[in-house]
Every structure is written in structure tokens, then in C-alpha cells.
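[1] The sequence isn't on hand, but the structure is:
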């Protein structure tokens with residue numbers, strides 16, 4: 001056996017170890033960890049309207065640093081706007097609010113409906129470039145590890161975004177609820193030009209009320225505590 005032949009098994013082991021190290025680091029980079037939502041005191045939220053016994057307050061996440069702090073992503077690059085909504089009922093009658101009934105209306109007549117948290121999470125997860133690269137560099141093993149890491153991170157992101165999403169609520173007297181509503185726009189859409197339209201129903205009388213909040217009037221607010 002030559003010296004070169006003797007070295008081949010050791011070289012193969014070293015290369016395999018290096019491959020595992022790189023794939024492990026890749027899997028770590030592809031992971032997703034849920035982050036807490038900084039919650040504003042209701043009266044500190046930048047936009048609010050009162051309609052009868054119902055007060056609706058909103059906080060659009062225009063700032064990229066705030067987006068990254070809560071969603072671990074630059075949502076603006078993905079043409080996504082997340083709006084934190086707080087609704088409070090101080091009257092004796094029940095109030096029903098469905099986020100799916102909200103919309104952002106624009107001066108040119110366009111109207112943008114909400115997208116689900118799951119759809120937003122899948123959109124920001126990205127394309128298949130990293131999977132292809134891992135497959136080219138490390139073959140079937142690399143592709144499998146990369147695919148598993150990406151799918152795990154995607155599932156964790158979908159769960160986290162879903163937990164932060166505002167759900168349909170029925171509020172009795174002195175009850176309140178808050179959460180995020182997501183909008184996916186076409187490329188380069190200026191969300192600030194829109195007006196957020198929120199509809200809710202007074203359950204006993206079945207009367208529909210409409211509240212409109214111009215997003216251009218939103219200003220940054222200080223974070224006061226964490227959920």
C-alpha cells in the first residue's frame with residue numbers, strides 16, 4: 001500500500017466531517033425562533049377611532065427594525081404590511097369583529113384585503129436557491145438536510161405568525177382583544193397612501209359599523225411592555 005492509498009480513508013473521513021459541519025451550520029442559520037411582541041398601552045397606539053361604545057386603535061409596522069424584532073424579517077422587502085389592531089368594547093351589547101372584513105383602500109380605487117398569517121410566513125420563507133446550492137455542493141445528503149431545516153423553520157414561522165394574528169372575536173362589555181392583520185401588496189405599493197377600513201357588527205341589532213383610519217397619519221410610538 002502506498003502512502004497516498006493509506007491517506008485516502010482519512011481524507012474521506014475528514015471531508016465527510018467537514019460536510020456535516022457545514023450542513024449543521026446551515027441548519028442552524030435556517031432555524032426560526034419566535035419572538036415576543038412589544039405591546040403598546042392602548043392609549044399610546046398612533047391611530048384610534050371611537051364609534052359608539054367601540055374603540056379601535058391601530059399601529060402599522062412601517063419601520064423595518066420593528067418588523068425584524070417581531071417577525072425576524074424585513075416585511076417591506078416582501079411587500080407585506082403588518083398592522084397591530086386593538087379593539088375594545090365598553091358598551092353592554094356584544095360586538096363581533098372579523099379581520100377578513102378589513103381592507104386597505106387607496107385613492108385610485110384599489111382595495112387590498114388581508115392575507116392569512118400562514119400565507120405571509122410562506123412568502124417570506126423564500127425560494128429554493130439554498131436547497132439547490134446544498135444539493136450541488138453536498139449531493140443528496142446536503143439536499144435532504146437543507147430541505148428538513150427549511151421545512152422545520154417554515155413550520156415554526158407559520159405557527160408564530162399565526163399566534164400573533166388577530167382572530168375573529170366577539171367582545172362583551174369591557175372586553176378587548178389585539179393582534180396583527182397582514183396585507184400583501186403588489187411590488188412597490190406605498191401602503192401609507194391607503195386608508196384602513198375596519199367593519200364590526202353590533203350583535204344584538206345586527207348593525208354594521210365602519211371605521212376608517214388613514215395610514216399616512218400613523219407615527220412611531222414608544223414600546224412600554226412585552227407580552
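    Yep, it's here. What you see is a predicted model; the values in this text were computed from it and never measured.

[2] Could you say which helix or strand holds the residue most central in space within the chain?
    What sits nearest the mean C-alpha location of the chain, by CA atoms, centre = their mean, is residue 161, with 4.9 Å. With secondary structure defined by DSSP states H and E, residue 161 is part of helix 129-164.

[3] What's the first helix or strand after that helix?
    Counting by DSSP H and E, what follows helix 129-164 is strand 169-171.

[4] Report the contact partners of residue 217.
    46, 47 (CB atoms under 8 Å, 6 or more residues apart in numbering). For glycine as for every other residue, the C-beta is placed from the backbone atoms N, C-alpha and C.

[5] no wait, residue 214
    Contacts for residue 214 (CB under 8 Å, 6+ apart) come out as 47, 195, 196.

[6] Which of those residues are buried, as a ChimeraX select command?
    Buried members of those, defined by 16 or more other CB atoms under 10 Å, are picked up in ChimeraX with:
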select :47,195,196
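
[7] which residues touch the spatially closest residue to the residue nearest to the centre of the chain that is not a sequence neighbour?
    The shortest distance from residue 161 to any non-neighbouring residue, by CB to CB, 6 or more residues apart in numbering, is to residue 117 (3.8 Å). By CB under 8 Å, 6+ apart, the contact set of residue 117 is 158, 161, 162, 164, 165, 180, 182.

[8] Hmm, the first one is touching residue 119, no?
    No. Applying CB atoms under 8 Å, one finds residue 158 not in contact with residue 119, separated by 9.3 Å.

[9] higher neighbour count, the two?
    More crowded of residue 158 and residue 119, by other CB atoms under 10 Å: residue 158, with 19 against 15.

[10] which ones are touching residue 211?
    49, 51, 54, 56, 197, 198, 199, 200.

[11] Give the other helices and strands that the helix or strand containing residue 197 contacts.
    Using DSSP H and E, residue 197 falls within strand 195-202. Contacts defined by 3 or more CB pairs under 8 Å, 6 or more residues apart in numbering; DSSP states H and E place strand 195-202 against strand 54-60, strand 80-89, strand 95-97, strand 103-105, strand 207-214.

[12] Can you add distance to residue 34 and mean pLDDT and give those back as CSV?
    Formatted as CSV, the helices and strands packed on strand 195-202 follow (distance: least, CB to CB, whole Å; pLDDT from 0 to 100):
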stretch, distance to residue 34, mean pLDDT
strand 54-60, 20, 96
strand 80-89, 15, 97
strand 95-97, 25, 97
strand 103-105, 26, 98
strand 207-214, 28, 95
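
[13] Tell me which of those strands lies nearest to residue 174.
    strand 80-89 (7.3 Å; CB to CB).

[14] partner strands of the closest one, parallel or antiparallel?
    Counting by DSSP bridges, the strands paired with strand 80-89 are strand 54-60 (antiparallel), strand 175-184 (antiparallel).
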